[in-house]
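J.: model the structure of this input:
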Amino acid sequence: MLASRLHVLGFSTFAALAIFTTCGVAQEPAVEPPQPAAPQPAAALPPDEFALKVRPIVEHHCLPCHDGAESDGGLNLAPYATSADALAAPLVWEQVMARVNLHEMPPEGSDQLNDEKRSTLVHWIAAHRRVEDDCHKLATDGNQSFYPGHVMSRRLSRSEYNNTIRDLTGLDLRPADAFPSDGSGGEGFDNTGDTLFVSPVLLEQYLLAATRVLDVALPEREEMTNDETRMTKENGEGSSSPHSSFGFRHSSLSSSLTFPTADLPPHAAARQSLAAFARRAFRRPLADDELQRLMTLFDRAQTRGDAYLPSLKLALKAVLISPHFLFLVEPEPETEGVYPLGHHQLAARLSYFIWNTMPDDELAQLADAGKLHDEAVLRDQIRRMLADPKARGLADSFATQWLNIGALGSTVKPDAERFPEFDAQLAADMRAEASGLVETILREDRSLLDLVDADYAVLNDRLAAHYGLPPVEGSELRRVPLNDRRRGGVLGLGAVLTTTSLPLRTSPVLRGKWVLEEVLGASVPPPPPNAGVLPEDDRLHDGLTLRQRLEQHRTNPECAACHQRMDPLGFGLECFDATGRWRHHNAGQPIDSSGTLPDGQTFNGPAELKQVLLTRRGEFLHNVTRKMLGYALGRGLSQFDDCVVRETVKSLEANDCRSSVLVEQIAMSYPFRHRYAKK
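T.: Model prediction:
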């Protein structure tokens with residue numbers, strides 16, 4: 001389509017020039033009659049790719065069945081001889097691509113397409129698709145070549161498991177910290193279904209974790225005798241749930257369980273407890289047969305002589321190791337295709353996106369009532385959830401992974417002798433600072449551009465002292481106004497600056513690469529094998545500073561292309577040392593934090609660098625949107641998600657880049673509320 005328009009524009013321009021040349025400017029009549037102007041050559045038309053490459057394939061393989069009004073399936077392909085013909089009927093060719101990708105056309109027994117012909121046909125259709133329609137589509141076997149089919153049911157990540165156990169029991173036990181690490185995939189997050197494998201080791205850890213959680217939340221004390229139960233009731237100390245007599249720790253689990261009384265036999269009490277607990281754990285109502293299976297475990301334990309609490313804990317343990325708890329299950333429909341998520345599945349997807357944990361009672365009740373397909377109700381819930389303190393879950397999980405700071409303090413840390421002030425507590429504070437910045441922007445509905453440049457930071461006493469800023473009281477993080485613009489935003493975060501440094505020195509290369517990839521969404525290829533090695537420390541080597549050695553390194557043509565993009569960005573952050581402190585000198589030399597980008601833009605220091613980055617705000621917003629969408633969907637993005645990204649960026653630009661717009665646009669999008677099921 002674009003090529004056709006450019007051709008028309010080019011031809012019109014040529015014709016106008018020809019007319020102008022022929023007519024010339026008004027002159028006095030010549031004595032001799034003017035000679036006719038030489039004929040101008042006609043503009044060369046580009047070859048019609050459809051007519052030359054695609055139409056012959058259609059004629060040979062498709063028209064035998066799809067020619068005329070009585071064509072198979074009502075699909076008549078005879079009228080489409082040129083690109084213009086085909087482009088006028090995009091839905092027809094979407095249907096063709098779907099059937100070709102599914103190997104339904106040509107039908108069995110007909111002359112089949114070879115790989116070259118199939119590729120030619122599908123690629124032409126894909127290249128001329130109407131991308132504005134993609135906002136209401138998902139990638140399927142039929143519309144994307146070699147698409148394997150995506151199953152959205154996935155297990156909980158470690159952070160999701162920890163948070164869900166916390167909200168189920170009221171105790172922040174963090175049992176998943178002992179689990180094997182989650183991998184990352186898709187857009188770089190650990191909640192990507194394709195990478196959340198279940199190993200035998202993890203299965204053992206699930207069982208151990210369930211046992212530990214229940215033992216801590218419901219420690220077995222000597223249970224009350226029937227006489228004690230009766231006396232408790234008669235004394236008015238409670239009839240159905242005398243929790244204190246069981247010696248429980250204060251937890252939402254203990255307070256939500258039902259215990260036997262003189263009027264409530266153990267079987268009935270256990271049934272009430274299991275129905276309520278499993279409803280919350282499974283994030284949906286239970287079927288009768290599911291509850292009966294849990295009760296069978298309780299009854300068997302009672303039959304062999306176990307007391308009430310051990311019998312109940314056995315059934316509760318079955319809930320905690322059930323796939324319906326460990327996985328975000330999205331049931332398969334009866335037929336293949338794209339369909340809207342059920343209310344309970346949508347509630348779970350929404351809560352694990354915004355809160356990184358299970359739905360609360362309000363969201364669960366709306367799902368039970370079947371109200372979450374109402375867009376007004378869904379928008380209200382998104383805004384309510386963003387204002388809730390549990391939105392910290394999104395900030396923690398998204399910020400840590402997007403900024404690549406999760407390893408700070410463990411596998412990534414400065415040299416202990418060179419930087420003795422850096423310890424585990426400072427590392428934890430730095431990670432919390434990054435999460436706190438994102439949380440502040442989300443909770444206060446601030447502009448996403450604050451991530452690039454802000455006049456505030458999120459600090460506590462230790463961080464303020466480390467950075468050399470005015471004192472802050474207490475260890476609690478809070479938003480603190482800054483006197484200048486060199487620190488605010490992600491480029492001034494200690495976690496980022498330390499992670500992108502080496503143990504003994506800063507690294508302009510790593511920092512510049514980080515800015516390109518994580519802020520602007522650019523792709524930087526790995527260095528060639530013969531790229532060479534720079535010194536591990538920042539002392540003068542052969543009389544050259546680190547900056548001078550990098551400038552020398554860029555004289556290598558194989559290295560220049562990437563380093564000309566990365567190094568200037570990293571130089572702009574050289575006033576921060578390897579632990580994020582401000583400095584004016586290094587190795588006895590004044591810091592040079594100036595930079596010149598390949599397009600000629602210059603800056604000096606982080607404040608000016610951030611202003612340069614804001615001139616590329618479109619790239620930044622596009623990148624943050626892609627990252628957030630990939631995180632929300634728990635999968636890698638496809639071409640059909642690009643429309644959501646474009647529309648979200650447009651909405652951000654029209655609404656002062658407010659963070660709520662980003663979350664709401666994604667949560668209301670077609671791919672977030674739908675899924676593709678493959679039979």
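
J.: buried set for stretch 314-323?
T.: Buried residues in stretch 314-323, counted by 16 or more other Cβ atoms under 10 Å: 314-320, 322. Quick note: C-beta positions are derived from backbone N, CA and C, even for glycine.

J.: from these, which is closest to residue 294?
T.: Using Cβ to Cβ, residue 315 is the member of these that lies nearest residue 294, at 4.7 Å.

J.: shaky segments in the stretch 351-500 of the chain?
T.: Counting by pLDDT under 70, the stretch 351-500 of the chain contains no low-confidence segment.

J.: ranges for the helices of it?
T.: For the stretch 351-500 of the chain, helices defined by DSSP state H, counting those that start in this stretch occupy the ranges 361-368, 375-387, 392-402, 424-443, 461-467, 494-499.

J.: let's see the fifth one as CSV, backbone CA atoms only.
T.: Once side chains and other backbone atoms are set aside, the C-alpha atoms of helix 461-467 remain, and they are given as CSV (Å, rounded to 0.1, in the frame of the first residue of the first chain):
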residue,chain,number,x,y,z
ASP,A,461,18.4,7.7,56.1
ARG,A,462,21.0,5.3,54.8
LEU,A,463,20.6,6.1,51.1
ALA,A,464,20.6,9.8,51.7
ALA,A,465,23.9,9.5,53.7
HIS,A,466,25.4,7.2,51.0
TYR,A,467,24.5,9.6,48.2
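
J.: name the helices or strands packed onto that helix?
T.: The elements that helix 461-467 packs onto, with contact taken as 3 or more Cβ pairs under 8 Å, 6 or more residues apart in numbering; DSSP states H and E, are helix 424-443, helix 494-499.

J.: and residue 255, how far from residue 218?
T.: Between residue 255 and residue 218 the distance is 11 Å, computed by Cβ to Cβ, to the nearest Å.

J.: for residue 390, that is, sorry about that
T.: From residue 390 over to residue 218 (counting by Cβ to Cβ), the distance is 24 Å.

J.: just want to know which of these two has more residues nearby.
T.: More crowded of residue 390 and residue 218, by other Cβ atoms under 10 Å: residue 218, with 23 against 17.

J.: need the pLDDT of the more buried one.
T.: With respect to pLDDT, residue 218 has a value of 94.

J.: looks like it contacts residue 252 (just checking).
T.: No - judged on Cβ atoms under 8 Å, residue 218 makes no contact with residue 252 at a distance of 11.9 Å.

J.: re the thing from before, right, and the helices and strands packed on helix 461-467 - which one's nearest residue 115?
T.: helix 494-499 (44.6 Å).

J.: show me what the helix or strand following that closest one is packed up against.
T.: Sequence order places helix 508-514 as the next helix or strand after helix 494-499, per DSSP states H and E. Here helix 508-514 touches helix 546-553, helix 557-571, going by 3+ Cβ pairs under 8 Å, 6+ apart.

J.: so residue 620 lies in a strand, does it not?
T.: No - going by DSSP: H, G, I helix; E, B strand; the rest coil, the assignment for residue 620 is helix, not a strand.

J.: how close does residue 196 get to residue 186?
T.: Counting by Cβ to Cβ - residue 196 and residue 186 are separated by 11 Å.

J.: cool, residue 506 as well?
T.: Distance of residue 506 to residue 186, computed by Cβ to Cβ: 31 Å.

J.: more neighbours: those two, which one.
T.: Each of residue 506 and residue 186 has its neighbours counted (other Cβ under 10 Å); residue 506 has more, 27 against 20.

J.: count the residues that sit near the closest residue in space to that one that isn't next to it in sequence.
T.: Spatially, and ignoring its direct neighbours in sequence, residue 506 is nearest to residue 578 (5.2 Å; Cβ to Cβ, 6 or more residues apart in numbering). The number of residues packed near residue 578 is 23, by other Cβ under 10 Å.

J.: how's the protein carved up into domains?
T.: In terms of domains, the chain is parsed into 49-129, 154-187+195-329, 341-387, 415-430+446-614 (source: automatic domain parsing).

J.: residue 629 is nearest to which of these?
T.: Proximity to residue 629 (Cβ to Cβ) singles out domain 154-187+195-329 among the domains of the chain, at 7.6 Å.
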